[in-house]
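Output the structure for:
(one chain, ligands or ions: 1)
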Amino acid sequence: MNIIGISCFYHDSAASLIRNGEIISAVQEERFTRIKHDASFPFNSIKYCLNSENLNWSNIDAFVFYEKPFIKFERLLETYLQKVPYGFKSFKLAMPLWAKEKIFQRQLILKNLYLIDNNYSIKDKIFFTDHHHSHAASAFYPSPFNEAVVLNMDGVGEWTTTSVYLGKNNSLNLKKEINFPHSLGLLYSSFTYFLGFKVNNGEYKIMGLAPYGEPKYSELIKKHIIDIKSDGSFRLNQKYFNYTTGLTMTNKKFSELFKINERKNNESLKQKHMDIAASIQLVLEEIILLITKNLYNEYGNKNLCLAGGVALNCVANGKILKQKLFKNLWIQPAAGDAGGSLGAALAIYYEYFKKKRITKKNDSMKNSYLGPSFSNIEIKKFLDKKKTKYKFENERNLISSVASSLSKGKIIGWFQNKMEFGPRALGNRSIISDPRSNEMQKNLNLKIKFRESFRPFAPIVLKQKVSKWFSFNGSSPYMLLVSHIKDEKKLKVEEKKYKGLQKLYLKRSHIPAVTHVDYSARIQTLTKKNNLIYKLLKKFDEITKCPVLVNTSFNVKDEPIVCSPMDAYKCFMKTGLDILVLGNYIIDKKKNNKILK
Ligand SMILES: [Fe+2]
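Numbers count the residues shown, from 1 in each chain. Purely as a prediction, here's the structure:
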């Protein structure tokens, strides 16, 4: 039984394919169209799911869309009508589009699917799941648990913004929910907007900025903006927001409360911005910890699953673990709406078709390596066409050569096997480098990624050695947990002499490139299952006695992660990357200066 899940028309379009419950493929449309967070119908992603398995519509048993368009339409309509005439401006802008495209989404989806293959009738095979149900399914069904509490937190789907499900074998039951406009995702996005970053994109930056500030405004936020109840449920004071009807996230009252105007994109970051970032991060953590504490007490279950965009806040996730209530935590790596495509397909398979579910020891996500791959033959053909000078190495020599280059400070574009699903590069489409260098963070941010200098980089570390370097002893295969550098790996710095971004270039540990200003690090642990990147890191450890590498996604700022050899090559050419590794081929920038234009 083959099922295709689809998410689109909001942000992060994606398609997933499952076969008899096994996750076969999952990919975001942005990787093909090269438009970051592309929200359009995922033609390319669906075609990839089909072609890579030699399928056509006659082989597909169900197509599942990740939310219910009519309910979402109702929410938009009701919100606008409540606020008339204030919301009329955005109503006028949004409604014609909705009326034309989104109300008739079933027909639109069918029409688009027939553009891919119109040889078979599929009109009786279209299904819809609730947005939060899709998130819940994406978190529970691939997890290793037979039973779990599932917490979903995002901006908004149809109406729901926060939901709790209980998962048991092949079923999910909704227990409680919080509805729009009260939303942790929208709260955090409002601060993202206020601090001058892009909504649905800059949320990581707020999290990265927070450690540079003091949470001076957290009480102010709790007093005026959000009312937090003892069970962790909350209400946002709409007096300060504009997102229900306006075209901005926050309003004048919000600025007045913080006695500062919203930051413009090119305005320099001041200490106050960092203090506000620290404050909202702290408030978010407090709420999440309160929710999880109550869920633990209420349901007495030792397993917790998370999904929804807020579950990408790895600092908060790390604190859930530190809380030591839930024994096990599993987070869907594509926790945002892209993952909804996978959840939607899994929900129909288990709950509509009532299929038996068999859990796997770690999980069923296959390291999230679920996208396109390219053979050495395809790579050679591409490189020859580009007249590139390269060297082919067998696996052993490839690993030795790259590990040696890394130990000499070279920055490497590493492209292997299947592309990752979700926002993180996990060692198949990664830029990797030596974390021991004090200059590496600056170089990577400014010469390779062309992004804000304050943004931290994440370490990959051999799982068997993680506890020697970090206060962490578990497994974090998807880089969704934050922990801290161990005391014995820290270096003494005169912290008090420095303020704000001055703190950035202090060498605060033996692996400064992956040590944030508060000594935190967003860890990915590697095991043998990660294959080549694991072998590479093992070799690097042999040479340097350091089982850690910097791992950042293979892209530049505001571009999607590379998908094909061509994308990787383009990124290699326009950045300060020293070496590109495509499959078993090594391309050295120095030897190609004349050709690479
Ligand atoms: Fe969502």
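
Tell me which residue in the stretch 101-250 of the chain sits closest to the ion.
Here the residue of the stretch 101-250 of the chain nearest the ion is residue 154; by C-beta to the ion that distance is 3.6 Å. Yep, even glycine has a C-beta here, placed from its N, CA and C like the rest.

meant to ask about the stretch 301-450 of the chain
Going by C-beta to the ion, the ion is nearest to residue 337 of the stretch 301-450 of the chain, at 4.6 Å.

pLDDT at that residue, what is it?
For residue 337, the model assigns a pLDDT of 95.

What of the one 3 residues further on?
Turning to residue 340, the model gives it a pLDDT of 97.

element containing it?
Using DSSP states H and E, residue 340 sits within helix 337-347.

Could you pull up the contacting residues of the residue lying closest to residue 574 once chain neighbours are set aside?
Leaving aside its chain neighbours, residue 574 sits nearest to residue 556 (7.3 Å; criterion: C-beta to C-beta, 6 or more residues apart in numbering). Residues near residue 556 by C-beta atoms under 8 Å, 6 or more residues apart in numbering: 448, 449, 450, 451, 571, 574, 575.

Check this structure for its longest helix and report it.
The residue-count maximum for a helix in the chain (DSSP state H) belongs to helix 271-299.

Next, count neighbours for residue 396.
10 (other C-beta atoms under 10 Å).

looking at this, it is in a strand?
No. Looking at residue 396 with DSSP: H, G, I helix; E, B strand; the rest coil, it is helix, so not inside a strand.

tell me the contacts of the nearest residue to residue 234 once chain neighbours are set aside?
Taking C-beta to C-beta, 6+ apart, and ignoring the residues beside it in sequence, residue 234 has residue 228 as its nearest neighbour in space, at 5.0 Å. Counting by C-beta under 8 Å, 6+ apart, residue 228 makes contact with 222, 234, 286, 287, 290.

circling back: and the residue nearest to residue 574, helix, strand or coil?
coil.

For this structure, what lies in contact range of the ion?
Residues of the chain lying close to the ion by C-beta under 5 Å from the ion are 154, 337.

Okay, now the unreliable bits of the chain?
70-104, 245-247, 594-597 (pLDDT under 70).

closest to residue 424 among the contacts of residue 556?
Here the nearest of the contacts of residue 556 to residue 424, counting by C-beta to C-beta, is residue 449; it sits at 14.5 Å.

Give me the phi and psi for the residue nearest to residue 234.
phi -100, psi 120 (degrees, to the nearest 10).

And the buried ones among the contacts of residue 556, selectable in ChimeraX?
A single ChimeraX command selects the buried members of these (16 or more other C-beta atoms under 10 Å):
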select :448,449,571,575
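
can you pull out the strands in the stretch 201-350 of the chain?
226-228, 234-236, 303-307, 328-331 (DSSP state E, counting those that start in this stretch).

winner for burial among the ones you listed?
strand 303-307 (a mean of 27; mean count of other C-beta atoms under 10 Å).

Check which helices and strands that one sits against.
With contacts defined as 3 or more C-beta pairs under 8 Å, 6 or more residues apart in numbering; DSSP states H and E, strand 303-307 has these neighbours: helix 131-140, strand 147-153, helix 271-299, helix 314-322, strand 328-331.

Is it possible to get CSV of those that adds distance to residue 525?
Putting the helices and strands packed on strand 303-307 into CSV (distance: least, C-beta to C-beta, whole Å) gives the following:
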stretch, distance to residue 525
helix 131-140, 20
strand 147-153, 21
helix 271-299, 22
helix 314-322, 13
strand 328-331, 14
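
re the thing from before, quick one, which of the strands of the stretch 201-350 of the chain is nearest to residue 66?
Closest to residue 66 of these is strand 303-307 (C-beta to C-beta; 11.7 Å).

coming back round to it: so which of the helices and strands packed on strand 303-307 is the most surrounded?
Of those, helix 131-140 is the most buried (mean count of other C-beta under 10 Å), at a mean of 32.

buried ones in stretch 340-356?
So for stretch 340-356, counting by 16+ other C-beta under 10 Å, buried means 340, 341, 342, 343, 344, 345, 346, 347, 348, 349, 350, 351.

And the helices in the stretch 151-300 of the chain?
Assigned by DSSP state H, counting those that start in this stretch, the stretch 151-300 of the chain shows helices spanning 184-194, 203-209, 218-220, 252-258, 271-299.

List the contacts of the first one.
If I follow you right, that is helix 184-194. 153-156, 161-162, 198-200, 202-203, 205-206, 225-226, 234, 236, 241, 243, 248-250, 254-255, 258, 262-263, 276-277, 280, 284, 287-288, 308-310, 313.

PyMOL command to pick out the buried ones of those residues?
In PyMOL syntax, the buried subset of the contacts of helix 184-194 is picked out as below (16+ other C-beta under 10 Å):
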select buried, resi 153+154+155+156+161+162+199+200+202+203+205+206+225+226+234+236+241+243+249+250+254+258+262+263+276+277+280+284+287+288+308+309+310+313
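
What strand or helix carries the residue lying closest to residue 524 once chain neighbours are set aside?
Leaving out its chain neighbours, the residue that sits closest to residue 524 by C-beta to C-beta, 6+ apart is residue 479, at 4.0 Å. Take DSSP H and E as the rule and residue 479 turns out to sit in neither a helix nor a strand.

contacting residues around residue 479?
Contacts of residue 479 (C-beta under 8 Å, 6+ apart): 314, 424, 426, 458, 522, 523, 524, 551.

okay, those residues in a markdown table with distance to residue 193 and secondary structure next?
Converted to a markdown table, those look like this (distance: C-beta to C-beta, whole Å; DSSP: H, G, I helix; E, B strand; the rest coil):
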| residue | distance to residue 193 | secondary structure |
| --- | --- | --- |
| 314 | 21 | helix |
| 424 | 23 | coil |
| 426 | 29 | coil |
| 458 | 25 | strand |
| 522 | 23 | strand |
| 523 | 29 | strand |
| 524 | 29 | strand |
| 551 | 29 | strand |
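
Make CSV out of those residues and add distance to residue 356.
Converted to CSV, those look like this (distance: C-beta to C-beta, whole Å):
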residue, distance to residue 356
314, 33
424, 31
426, 29
458, 37
522, 36
523, 34
524, 32
551, 37
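
Would you mind giving the helices of the stretch 151-300 of the chain as a markdown table with distance to residue 321 added?
Converted to a markdown table, the helices of the stretch 151-300 of the chain look like this (distance: least, C-beta to C-beta, whole Å):
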| stretch | distance to residue 321 |
| --- | --- |
| helix 184-194 | 19 |
| helix 203-209 | 16 |
| helix 218-220 | 22 |
| helix 252-258 | 32 |
| helix 271-299 | 10 |
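
Which parts of the stretch 451-597 of the chain are helices?
Under DSSP H, counting those that start in this stretch, the stretch 451-597 of the chain gives helices at 466-469, 532-544, 565-574.

Report all helices and strands that the first one contacts.
Okay, so that is helix 466-469. Checking 3+ C-beta pairs under 8 Å, 6+ apart, helix 466-469 ends up next to no helix or strand.

Repeat that for the second one.
Using 3+ C-beta pairs under 8 Å, 6+ apart as the contact criterion, the neighbours of helix 532-544 among helices and strands are helix 395-407, strand 429-433, strand 458-462, strand 520-526, strand 548-553.

Make a markdown table from the ones you listed and add distance to residue 443 to it.
Converted to a markdown table, those look like this (distance: least, C-beta to C-beta, whole Å):
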| stretch | distance to residue 443 |
| --- | --- |
| helix 395-407 | 14 |
| strand 429-433 | 8 |
| strand 458-462 | 16 |
| strand 520-526 | 18 |
| strand 548-553 | 10 |
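
So for this structure, the centremost residue is which one?
residue 423 (3.4 Å; C-alpha atoms, centre = their mean).

who touches that one in this structure?
312, 334, 336, 553.

Check residue 413 too.
Applying C-beta under 8 Å, 6+ apart to residue 413 gives the contacts 431, 554, 568, 571, 572, 577, 579, 580, 581.
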